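1. A structural model of the following input is requested.
(one chain, ligands or ions: 1)
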Amino acid sequence: MRVAKRTAVVFGVMVAAGALLAGCGGKVGGSGGNDAKKIVLIPGVANEPFYISMQCGAQEEAAKLGYKLDTQAPTQFDAGAQTPVLSSVVANKPGAILIAPTHATAMANPIKQAKDAGIKIIEVDTALGDTSIALSSISSDNKKGGQLAAQTLAKLVGNKGPVLVINTKAGTSTTDARAQGFEDAVKSFPEMSSLGVQYNNNDAAQATSIVTATLAAHPDLAGIFATNLSSAEGAAAGLRNANKLGQVKLVGFDASPKQVEDLKAGTVQALIAQDPGGIGAKGVDQAAAALEGKPVTRTIQTDMIAITQADMDANSKYFYKSKC
Ligand code: T6T
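-> Below you'll find the predicted structure:
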């Protein structure tokens, strides 16, 4: 009798608490009372056209599906800067997080903690080496992108001469795969040789210095593959400073407004554009599926395209945005 009475009291308290939580906005779902209608996007870095375009795609899709999407970005592309942003997002208990991990291993523990807090984890663009944490990963086929860059650069340099790779930060899954794909593909051109990979720390000014130093040591440099936006923008500036425009061919990943200007001016000969808006939208689709208990797709690959000056007008839909 006593036991039954206590059970009734406890049940009453639980109902009241549930009503209170539900009244505080959003459905209560998942474990730990996470807000099943709220998705947070954590890009690699703030104010960068690749991630802005991703955010635009994610926001549009979230609005279509009836979800609230917030974006919280670190000020630097760095695990040390991204981890506290992730921790404060986790404390707010969203239903799902779309994250672009800034390091394939250093972000594993913080993201695992988010998963253990009952939050659905979706990787957008970059990914962790540990594939057991995220439910889904959406990105370009980056290794193939590196191969495409090598074939494009080979054509531009007449299949011969020394070429350099400027990469961002070691441990970034996407750009490491691009550099690897490039280096592998260059081996199939016997008269081309790679001078290896140098890192610009995702800082355009460092890419400029790398170009200046490489031209001093290798005046016969034939071409450069820049694995992302910062390395390509910085490499273009290095070639401009050295008056090597058009003589040293440059192929860069991404299509920021500045990179598009460089293509138009002939500073860059080809851009490999990705589909960041599509990555964001598909990320939201996967998060929504996970939150609604529907099947998710573990790996999704999005489009890439090599754009040259000759076909840039026809391909302007692939150019990245600086605002939505
Ligand atoms: O190239 C993109 C992205 O795919 C990569 O993972 C990091 O750099 C960018 O955001 C461009 O800056």
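2. tell me the centre residue of the chain?
-> Centroid-nearest residue in the chain, with CA atoms, centre = their mean: residue 125, separated by 3.5 Å.
3. So for that residue, what pLDDT did the model give?
-> pLDDT for residue 125: 98.
4. Likewise for residue 246?
-> Reported pLDDT for residue 246: 88.
5. I'd like the numbering to begin with 354 instead of 1 from here.
-> Taking 354 as the first residue, the last one we looked at is residue 599.
6. correct me, but it touches residue 615?
-> No - in this structure residue 599 lies outside contact range of residue 615 using CB atoms under 8 Å: 11.8 Å. Placement of C-beta: from N, CA and C, glycine included.
7. Who has more neighbours out of these two?
-> residue 615 (24 against 11; other CB atoms under 10 Å).
8. What's the first helix or strand after the strand or helix carrying the more buried one?
-> Element membership for residue 615 (DSSP states H and E) is helix 610-618. Next along the chain after helix 610-618, taking DSSP H and E as the criterion, comes strand 623-626.
9. Tell me the helix or strand right after that next one.
-> Next along the chain after strand 623-626, taking DSSP H and E as the criterion, comes helix 629-644.
10. could you check whether that next one is close to the ligand?
-> No - using CB under 6 Å from any ligand atom, helix 629-644 never reaches the ligand; the gap is at least 7.4 Å.
11. avg pLDDT for that helix?
-> 98.
12. Check stretch 404-417 too.
-> Stretch 404-417 comes out with an average pLDDT of 98.
13. try stretch 614-621
-> Averaged over stretch 614-621, pLDDT sits at 96.
14. cool, stretch 647-658 as well?
-> Mean predicted confidence for stretch 647-658 is 97.
15. do stretch 494-513 as well
-> 97.
16. Let me see the residues that make contact with that stretch.
-> With CB atoms under 8 Å, 6 or more residues apart in numbering as the test, stretch 494-513 has contacts from 516, 526-528, 530-539, 542, 544-545, 575-578, 580, 602, 604, 606, 622-623, 625, 627, 654, 657, 659.
17. hmm, try it at 7 Å
-> Residues from elsewhere that reach stretch 494-513 (CB atoms under 7 Å, 6 or more residues apart in numbering): 516, 527, 530-535, 538-539, 542, 544-545, 575-576, 578, 602, 604, 606, 622-623, 625, 654, 657, 659.
18. Run the chain-centre distance for it.
-> Computed by CA atoms, centre = their mean, to the nearest Å, the separation of stretch 494-513 from the middle of its chain amounts to 21 Å.
19. Please apply the same query to stretch 507-525.
-> The answer for stretch 507-525 is 21 Å, by CA atoms, centre = their mean.
20. And it, what's buried?
-> 507, 509-510, 514, 516-522, 524-525 (16 or more other CB atoms under 10 Å).
21. Around the ligand, pick out the residues from the stretch 404-553 of the chain.
-> So the stretch 404-553 of the chain meets the ligand at 478, 479, 525, 527, 528 (CB under 6 Å from any ligand atom).
22. how about 5 Å then?
-> 478, 479, 527 (CB under 5 Å from any ligand atom).
23. State the phi and psi torsions of residue 507.
-> When read as degrees, to the nearest 10, the backbone of residue 507 gives phi -60, psi -40.
24. how near is it to residue 535?
-> 10 Å (CB to CB, to the nearest Å).
25. Residue 645 too?
-> 40 Å.
26. Between the two, which has more neighbouring residues?
-> residue 535 (27 against 11).
27. Show me which of the residues of the stretch 404-553 of the chain next to the ligand is closest to the ligand.
-> Using CB to the nearest ligand atom, residue 527 comes nearest to the ligand of those, at 3.6 Å.
28. so the residue nearest to the centre of the chain sits right up against residue 630, yeah?
-> No - look at residue 478 against residue 630 with CB atoms under 7 Å: they stay out of range, at 11.8 Å.
29. Please, where are all the strands along the stretch 354-503 of the chain?
-> Per DSSP state E, counting those that start in this stretch, the stretch 354-503 of the chain carries strands over the ranges 381-382, 387-395, 421-424, 447-452, 473-477, 489-493.
30. ok, the nearest residue to residue 460 once chain neighbours are set aside - contacts?
-> In space, and not counting its chain neighbours, residue 460 is closest to residue 454: 3.9 Å by CB to CB, 6 or more residues apart in numbering. By CB under 7 Å, 6+ apart, residue 454 lies in contact with 460, 464, 476, 479, 480, 481.
31. All set, thanks.
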